[in-house]
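Chemist: Next come a sequence and a model predicted from it.
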Amino acid sequence: MLVRGNRTRYFVALLENHSERRGSMGIEWSAPRGSMPDGAWHTVACPRLRAESDLSQDLAQGEAFALRIGNLQAIASVYGGDFADSVSSQVLASLQVFIASDPHVFGKICSRATGVFDLVLAARDSTDGVGRAQCRQKVAIWCSAIGRRALAFGARSVHVLASALTAGSMAGDQGLPGECLLAQAHARLECAQICAMARLDGFDGYQRDMAIVAELYEQLNRDQLQFAWKPVRHLENDTSLYYRGMLSALQADGGAGEWDVSRKAMHRLGLTAAFDQHALLQAIDLLAGSEVGPIAVAVAASSFQSLCWWEPVLARLRACRSLGRRLFIAIDGTCAFVSVSAAAALADELRALGCVIVFERMGNDNGSIASLLALRPDVITIEAMFLRLTLESARDLDLLRHLLGVAMAIAPVVVLEGVDTRALAKNAIVVGGLWGTGEHVGAARWILPRCPATGAAWHVNVDHFRRQLALPRYVGERA
């Protein structure tokens, strides 16, 4: 079963509907505090389809998931413990609504602690492999739907980072029982979320960022965001390498809304996963429905790890591998990787499906040389600041030339960001740059050009990026 981007909007609408009709299907939207003691399993299924007494045997073989609210501690610090308890109850109730409303799966939920859940799902009428994959895709979409919806307590509301990690079959995998696998999955997920969450820099700043993120997700849920496409082109001719898509709001003057402010707020709060999943699925839908040239969609470096939210994206790419050959997945280096080894493994998996891996903004605080050697990106973009500095002195021109040389030793293609004026374009060429992006190269546009039948403007072959680089042996030993 393929899960497309609009499935997440369906689940967001489902939550809105149930928040207005409390008690539907016997499920309370806001579970009373203490109504479900820690460690108590609660089985949920669509009552129209199957009796609860028939589920136990199937769930004993079901797919187990560790699920956590990654930013609950920060919410408790800023808004108070009662707010955090309410958020945990609302997430639990949301999962109950999803399971009870879905005719394809049934499951049970256990609350280990506030904001920490065990979830076991089984698919109806499917083989074991297909059923487990279907359950992973369901959980991924559910977590994104929860992340996109504002959770209110009194007059205030927040968004949460709901992440899940599959633990395997409850019957046991790799010689370990299901409970041990769940405990291990929770430990890995807790470590990943702690690393992904930004440091809490003051309560006022946290609430301001949360308001910015809430507005962005509200626009996303109302379908008010669309891709603005910025070209990456050769600096000396009109050859296009790819178009980078940014989900933006249409302004009154026809331009795109401010992007960096919203994106940086999401990075600081660690709430990028649901947004990134939507952007990737929407880009894949675009590639599947039209003959457009290569496009790039950015995901946060903190989101670039094998958590469940990637499952729908990987399923779409596995089902139609030709899509990956036109999809550049850009890792935004504004924030740090949670795990370089996990990021490298995911990059290898995406590359095997045909995708081109781009690392953006080399030269900022989070793009270390060691990380790039392990990641082995196909394309590297260099932080715009270094090109702008070349207008100041010849020394800065030499600095960019050396940085460009390092990047070209790691990746087959290097792009200079910030080519906004003719003078900057001249300096980019002087230091040896071939590809660039910026206002001088081409402004963002709402309409994505179709791939010409002759391929003249898209003659850069994606296979060009597949060459093996002569890197040191230790690069394969990803730490």
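Modeler: That came through, no problem. Numbering: from 1, shown residues only.
Chemist: Touching, Leu346 and Leu307? I think so.
Modeler: No - using CB atoms under 8 Å, Leu346 is not in contact with Leu307, being 9.5 Å away. Where you see a C-beta, it was placed from the backbone N, CA and C, and this is true even at glycine.
Chemist: Any stretches of this structure with poor pLDDT?
Modeler: For the chain, applying pLDDT under 70 flags the ranges 1-7, 9-11, 14-61, 125-130, 170-178, 192-202, 252-259, 365, 450-479.
Chemist: Show me how the record splits it into domains.
Modeler: 5-197, 206-476 (automatic domain parsing).
Chemist: Next, format those as TSV and append mean neighbour count.
Modeler: Output for the domains of the chain, formatted as TSV (neighbours: other CB atoms under 10 Å):
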stretch	mean neighbour count
domain 5-197	18
domain 206-476	18
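Chemist: Can you name the element that comes right after the strand or helix carrying Cys143?
Modeler: According to DSSP states H and E, Cys143 maps onto helix 128-148. Using DSSP H and E, the helix or strand that follows helix 128-148 in sequence is strand 151-153.
Chemist: what distance separates that following strand from the middle of the whole chain?
Modeler: Offset of strand 151-153 from its chain centre (CA atoms, centre = their mean, to the nearest Å): 24 Å.
Chemist: Which strands border that strand, and is each parallel or antiparallel?
Modeler: Note on strand 151-153: by DSSP bridges, its sheet partners are strand 156-158 (antiparallel).
Chemist: From the contact counts, what lies against the helix or strand following the partner strand?
Modeler: Sequence-wise, the next helix or strand downstream of strand 156-158 (DSSP H and E) is strand 162-169. Contacts defined by 3 or more CB pairs under 8 Å, 6 or more residues apart in numbering; DSSP states H and E place strand 162-169 against strand 63-69, helix 128-148, helix 178-196.
Chemist: any chance of the ones you listed in JSON lines, plus distance to Ala319?
Modeler: Below are the helices and strands packed on strand 162-169 laid out as JSON lines (distance: least, CB to CB, whole Å):
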{"stretch": "strand 63-69", "distance to Ala319": "20"}
{"stretch": "helix 128-148", "distance to Ala319": "11"}
{"stretch": "helix 178-196", "distance to Ala319": "26"}
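Chemist: I'd like to know which of these is closest to Asp118.
Modeler: Smallest distance to Asp118 across these (CB to CB): 5.6 Å, for helix 178-196.
Chemist: need the next SSE after that closest one, C-terminal direction.
Modeler: Past helix 178-196, the next helix or strand by DSSP H and E is helix 203-221.
Chemist: how about the strands of the stretch 301-450 of the chain, start to end?
Modeler: Applying DSSP state E, counting those that start in this stretch to the stretch 301-450 of the chain gives strands spanning 327-332, 356-362, 379-382, 413-417, 435-437.
Chemist: how about the ones you listed in TSV, adding distance to Phe106?
Modeler: Rendered in TSV, the data for the strands of the stretch 301-450 of the chain read as follows (distance: least, CB to CB, whole Å):
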stretch	distance to Phe106
strand 327-332	34
strand 356-362	38
strand 379-382	44
strand 413-417	48
strand 435-437	48
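Chemist: who wins for proximity to Leu216 among those strands?
Modeler: strand 327-332 (15.2 Å).
Chemist: Give the pairing partners of the closest one; include direction for each.
Modeler: Strand pairing (DSSP bridges) places strand 327-332 next to strand 295-300 (parallel), strand 356-362 (parallel).
Chemist: from the chain's centre, how far out does the shortest one sit?
Modeler: It refers to strand 295-300. Mean-position distance between strand 295-300 and its chain equals 9 Å (CA atoms, centre = their mean).
Chemist: okay, it in CSV with CA atoms only?
Modeler: Below are the C-alpha coordinates for strand 295-300, written out as CSV (Å, rounded to 0.1, in the frame of the first residue of the first chain):
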residue,chain,number,x,y,z
ILE,A,295,14.5,18.9,-8.2
ALA,A,296,15.9,19.2,-4.8
VAL,A,297,14.1,19.2,-1.4
ALA,A,298,15.9,20.1,1.8
VAL,A,299,15.6,18.2,5.1
ALA,A,300,17.2,19.1,8.3
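Chemist: Now do that strand: everything it contacts.
Modeler: Strand 295-300 has contacts (CB atoms under 8 Å, 6 or more residues apart in numbering) with 229, 232, 242-246, 266-267, 272-273, 276, 279-280, 283, 286-287, 326-332, 334-335, 358, 360, 448.
Chemist: tell me the contacts of the residue lying closest to Leu399 once chain neighbours are set aside?
Modeler: Spatial nearest neighbour of Leu399, chain neighbours left out: Phe386 (6.7 Å); criterion: CB to CB, 6 or more residues apart in numbering. By CB under 8 Å, 6+ apart, the contact set of Phe386 is Gly363, Asp396, Leu399, Leu400, Leu403.
Chemist: switch the cut-off to 7 Å
Modeler: Gly363, Leu399, Leu400, Leu403 (CB atoms under 7 Å, 6 or more residues apart in numbering).
Chemist: In contact with the first one, which residues are there?
Modeler: Pointing back at Gly363 there. Contact analysis of Gly363 by CB under 7 Å, 6+ apart lists Ile382, Glu383, Phe386, Leu403.
Chemist: Not counting sequence-adjacent ones, nearest residue to Gly405?
Modeler: Gly432 (7.7 Å).
Chemist: In three-state terms, label Phe106 for me.
Modeler: Using DSSP: H, G, I helix; E, B strand; the rest coil, the structure places Phe106 in strand.
Chemist: pretty sure it contacts Ala122?
Modeler: Yes - if you go by CB atoms under 7 Å, Phe106 and Ala122 touch, sitting 6.1 Å apart.
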